[in-house]
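Got a predicted model here, sequence first, then my questions.
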Amino acid sequence: MNPINSHPTIMPKLEELLEVAYEKERASSRRLAKNMALSTEDALRKILQMAAGNQSLVELISSRKQQKANVATKIAHRKQMTADARAYKRNAALPDPAAWLAWFDGTSHPNPGKMGVGGMLKNPNGELTRISFAAGQGDSSEAEYLALIAVLQAALEVRPAKLVIYGDSRVVLDDVQAENGAAVLSHHRMRARQLLAQLANPALIWIPRRKNAAADALSQQAVKLLAIGGKS
């Protein structure tokens, strides 16, 4: 027995069928409706039942809705990345020459796995302090947070009048500034906020990954040295 017919209460309506049907399927259903004197809904249902194969029509609709949701998520992500890149060009390309600059990056191999922390702090004269160390086991978001905390701690040793912090982790940059961040990151968020509160005029700015290559190299170096040393 056809599963759709056996559960009439969940039979998809025309609106759902139209939502998931491809243009070619809609065209085929129009021809079928004309040739067999069927309603638009019945013709489209028949076309989609054939496309479903071993699936039920309900399963086909659910699968296609998920596919559409995935595509929408990817589009939204691309739009966000474009907006981030524009913001970077506006806000990060020409920092205040009197400001101290910091970059942070964390990595985890595998993910989750061995964490490496990388960071840099540069004073207005161009002198660099580099940070690179292994940070135990965890995921990439934890590693990024630990890297942010490390550069904040380094900055507190000199207490710059103005500090601009760059990172390519949208997760951490959004989380540390959110009213209600991710529960799993709450400990790191609290620590980072405590440090930020002790600094004058700190600014957190997202940059593309390619612009954070030096900090990334330092985080990768930490993991490699850990692997060479054979420590966990």
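Received, thanks. Numbers count the residues shown, from 1 in each chain.

Just the buried residues of stretch 48-56, please?
48, 51-52, 56 (16 or more other CB atoms under 10 Å). Heads up, the C-betas are built off the backbone N, CA and C, glycines and all.

ok, L196 - how many residues close by?
19 (other CB atoms under 10 Å).

How about the contacts made by it?
Counting by CB atoms under 8 Å, 6 or more residues apart in numbering, L196 touches 152, 176, 202.

Among these, which one sits closest to A98?
P202 (14.4 Å; CB to CB).

which residues does that closest one form a beta bridge with?
Using DSSP bridges, the bridge partners assigned to P202 are L163.

any idea how far it is from V176?
Distance, P202 to V176, using CB to CB, to the nearest Å: 11 Å.

With neighbour numbers in mind, choose between those two.
V176 (23 against 19).

Can you tell me how far that one is from A213?
22 Å.

got the buried residues for whichever helix or strand A150 is part of?
Using DSSP states H and E, A150 maps to helix 140-156. Under the neighbour-count criterion of 16+ other CB under 10 Å, helix 140-156 has 140-152, 154-155 buried.

Equivalent analysis for stretch 19-35, please.
Residues 20-21, 25, 28-29, 32-33 are the ones in stretch 19-35 that count as buried (16+ other CB under 10 Å).

cool, stretch 183-201 as well?
Buried residues in stretch 183-201 (16+ other CB under 10 Å): 185, 188-189, 191-192, 195-196, 199.

Now do it: distance to the chain's middle.
Computed by CA atoms, centre = their mean, to the nearest Å, the chain-centroid distance of stretch 183-201 equals 21 Å.

unless I'm mixing things up, N212 is touching L173, no?
No: the pair formed by N212 and L173 falls short of the contact definition of CB atoms under 8 Å, at 11.7 Å.

residues bridging contact with these two, i.e. touching both?
Joint contacts of N212 and L173 (CB under 8 Å, 6+ apart) are G167.

quick revisit: E127: which of the buried residues of helix 140-156 is nearest?
Nearest to E127 among the buried residues of helix 140-156, with distances taken as CB to CB, is A154, at 12.6 Å.

which ones are touching that closest one?
102, 119, 121, 129, 131.

Considering the residues you listed, which possesses the most neighbours?
In terms of neighbours by other CB under 10 Å, those top out with G119 at 30 neighbours.

ok now whichever strand or helix holds that residue, how far from the chain's centre?
Following DSSP H and E, one finds G119 within strand 113-122. Strand 113-122 sits 19 Å away from the centroid of its parent chain (CA atoms, centre = their mean).

Can you tell me the strand partners of whatever helix or strand comes next after that strand and which way each runs?
Next along the chain after strand 113-122, taking DSSP H and E as the criterion, comes strand 128-138. Counting by DSSP bridges, the strands paired with strand 128-138 are strand 113-122 (antiparallel).

okay, the partner strand in PDB with CA atoms only?
Extracted C-alpha coordinates of strand 113-122, given in PDB (Å, rounded to 0.1, in the frame of the first residue of the first chain):
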ATOM      1  CA  GLY A 113      42.500  17.300  19.400                       C
ATOM      2  CA  LYS A 114      45.800  18.800  20.300                       C
ATOM      3  CA  MET A 115      45.400  22.600  20.500                       C
ATOM      4  CA  GLY A 116      48.000  25.200  19.500                       C
ATOM      5  CA  VAL A 117      47.800  28.900  20.300                       C
ATOM      6  CA  GLY A 118      49.400  31.700  18.300                       C
ATOM      7  CA  GLY A 119      49.400  35.400  18.700                       C
ATOM      8  CA  MET A 120      51.300  38.600  18.100                       C
ATOM      9  CA  LEU A 121      51.300  42.000  19.900                       C
ATOM     10  CA  LYS A 122      52.900  45.000  18.000                       C
END
